[in-house]
Every structure is written in structure tokens, then in C-alpha cells.
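**Student:** Test case, fold it:
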Amino acid sequence: MRSKLFVPGSRPELFTKAFASEADAVSIDLEDAVLETRKAEARAGVADWLRQQGAQPQRKRLIVRVNAMDTPHFEADIAAVVQPGLHVINLPKPQSPDAVRAAVDLIARLERSQGLNSPAHPPIQLLLNIETPQGLRQAAALAAADPRVMGLQVGLGDLFEPLGIDRQEQSAVQQVLLAVRLAAGEAGVDAYDGAYANVANPEGYLAEAKLARRLGFAGKSCIHPSQIALANQAFRPTDEEIAHSVRVTQSALGAEQRGAGAHVVDGRMIDAPFLKRAQNIVAAAKQLGLLVD
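**Tutor:** Numbering: from 1, shown residues only. You can find the predicted model right below:
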């Protein structure tokens, strides 16, 4: 998910258009993008749209961001969106690992009641938003709370604004991104960068996306279609990275046959951590159609 396009849940006329975009994933939003007075209406509209889609294969990942667990909307949101074809539920502001497990239990009960607990319907996963000081402090525990958690997503606006932290303060942005990436790494899941609100500043979006990729993030949210190409560009392995990684993986085979451990490729020492990164880059390049076997 290099790019994940948010679509307001109150705008069902945009759902199909979003799926026709170049975004790797579409996230229908029942939380921040929907006024309190329209929550029920949006929820019903999203549920109807999901039913119309049925279990037909989607060429990109389908996500729904529900309202937080401490709101009166959470259980109704989950009941509405647990349907065939949904891949991920984006959970805002999880308060504890126990809360994550409670959300998983609710989802699992609804899946069983609909007969969705079969190989034809993989379990719906969770993407957890890290957007409170408490969430940041226990990010690794949240990520490891249940196997359904597939990633952590940064929410800098929700984290910074109540604390009076300047959203453009790069030292603060870097510290939070690194902390979330390390937490996700501890749990063995991916980390995703959040939204960049200034749609009129593509240079700023691209710079932040490139920073996130340098810190090991897998992708970034888009709140406008104009940001999709920027995210796809930032999180695409470069041709130089792909070529070097291919040489590393090929060299590792020869080194193993020779009984060698660390060896040198392109003037750089290569051992297990560097080989792992090269293998990940090669896999990403193949997935994106940039490299064939």
C-alpha cells in the first residue's frame, strides 16, 4: 500500500471513482470525514455499497476507517462493514492491547455469524492508528496484540495539534515516525505514514513521503487524488536500488555455496541484515511489475 486514498463515507458517489484511481488501496472513512449528524446516514450508505460489491475480487485493498471504540458509533460501524470483500478495518486511537483484542473478538463473532470464517474469506485485518501520546507510548504492544493487526499508521494531526506541537516541525515528525517504525518492526508488521493536509503543497507532501520511506515506512495516506502519484513515486524502489539488490541476492547465493558469510557487493559489505533488505526490495519490485524472474 504505497498509496491509500481516503474517501468520505458520506460520499458514496466517489467510491467507484476512487477504485478506478492509481491508489494501491482505498479507505472509506466513517470517522473524521463525516459530520456527527451524518454518521448513521454514512454508515448505512457504506453498508449498502459493500453489499452491492459482494465478494467480487478487488484489484486493490479495501479499508474502512470506523469511529473509535469509545464513541457510540463503534459497534454499529463494525456491524455494518464486516462483509465479504472488506480487507482491513482502520481503528482510530486504540487505547490498549486489550481494547484491540476486544475489537478483534467483535469482528470474529460477526464473521462467524455470516459464515465468513472460511478459506474463501480471509480474516479481516486491523490497521491501528497511532495518534495519541498513550498510543505512541505502547505502540509495540498494540501492534503485537493480535495476529490480525497488519500495520500501524501515524496520525500526526491528532497527535500534535492538542499538544501545541507544530505539524511542520521536522524534528518532531522524525522522532514520531522513527518510534512508530521501530514499534511496528518489533511486532513484525508494516508502518504507514498518515495524511498531509496541505493539498496545495505537493512539494511538502513528497518531501514527507520520502522521509517516511527513508525511515522504513511502506506507504502514505492520500486525502486528494493529486497526492496518489506522489506517494507511488516516493515508495517505489529506485532503479539503482533494484539493480543493487538483484546483485546482492545473486551474490549471496554464490557466497553461501562457497561457505562465506559476509562478502562485498558494489564496494559495500553484505551480511544478513543487508541481504534481508535487498530481498525485500526485489520482492517489492516484482510485485510492482518492475522486475521479472
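**Student:** Now the most centrally placed residue in the chain: which helix or strand?
**Tutor:** Nearest to the geometric centre of the chain sits Tyr192, at 4.5 Å (Cα atoms, centre = their mean). Tyr192 belongs to strand 190-193 when assigned by DSSP states H and E.
**Student:** partners of that strand in the sheet?
**Tutor:** strand 149-154 (parallel), strand 219-222 (parallel) (DSSP bridges).
**Student:** Next, the contact list for the residue nearest to Tyr205 when sequence neighbours are not counted, please.
**Tutor:** Excluding the flanking residues, the one nearest Tyr205 by Cβ to Cβ, 6 or more residues apart in numbering is Tyr196, at 4.5 Å. All C-beta spots, glycine's among them, are computed from the backbone N, C-alpha and C. By Cβ atoms under 8 Å, 6 or more residues apart in numbering, the residues touching Tyr196 are Gly204, Tyr205, Glu208, Ala209, Lys220, Ser221, Ile223, Gln227.
**Student:** Does anything pack onto the helix or strand just after the strand holding Tyr192? Which helices or strands?
**Tutor:** Next along the chain after strand 190-193, taking DSSP H and E as the criterion, comes helix 202-214. Helix 202-214 is packed against helix 170-187, strand 190-193, strand 219-222, helix 228-234, with contacts defined by 3 or more Cβ pairs under 8 Å, 6 or more residues apart in numbering; DSSP states H and E.
**Student:** closest one to Ala80 among these?
**Tutor:** Ala80 lies closest to strand 219-222 among the helices and strands packed on helix 202-214, at 22.3 Å (Cβ to Cβ).
**Student:** domains for the protein, by residue range?
**Tutor:** Following automatic domain parsing, one gets these domains for the chain: 3-234, 239-287.
**Student:** Just say which of those is most tucked in.
**Tutor:** Of all those, domain 3-234 has the most neighbours on average by mean count of other Cβ atoms under 10 Å, namely a mean of 18.
**Student:** I'd like the mean pLDDT over that domain, please.
**Tutor:** Domain 3-234 carries an average pLDDT of 95.
**Student:** Could you work out the end-to-end span of that domain for me?
**Tutor:** The first residue of domain 3-234 is 10 Å away from its last residue (Cα to Cα, to the nearest Å).
**Student:** How far off centre is that domain?
**Tutor:** 6 Å (Cα atoms, centre = their mean, to the nearest Å).
**Student:** for stretch 285-293, same thing?
**Tutor:** That offset, for stretch 285-293, works out to 21 Å (Cα atoms, centre = their mean).
**Student:** Tabulate the CA atom coordinates of that stretch in PDB.
**Tutor:** Only the C-alpha atoms of stretch 285-293 are listed here, as PDB (Å, rounded to 0.1, in the frame of the first residue of the first chain):
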ATOM      1  CA  ALA A 285      10.000  -4.600  -7.400                       C
ATOM      2  CA  LYS A 286       8.400  -7.900  -8.600                       C
ATOM      3  CA  GLN A 287       5.100  -7.000  -7.100                       C
ATOM      4  CA  LEU A 288       5.100  -3.700  -8.800                       C
ATOM      5  CA  GLY A 289       6.000  -5.300 -12.200                       C
ATOM      6  CA  LEU A 290       9.400  -3.600 -12.200                       C
ATOM      7  CA  LEU A 291      11.300  -6.800 -12.300                       C
ATOM      8  CA  VAL A 292      10.500 -10.300 -13.600                       C
ATOM      9  CA  ASP A 293      12.000 -13.600 -12.500                       C
END
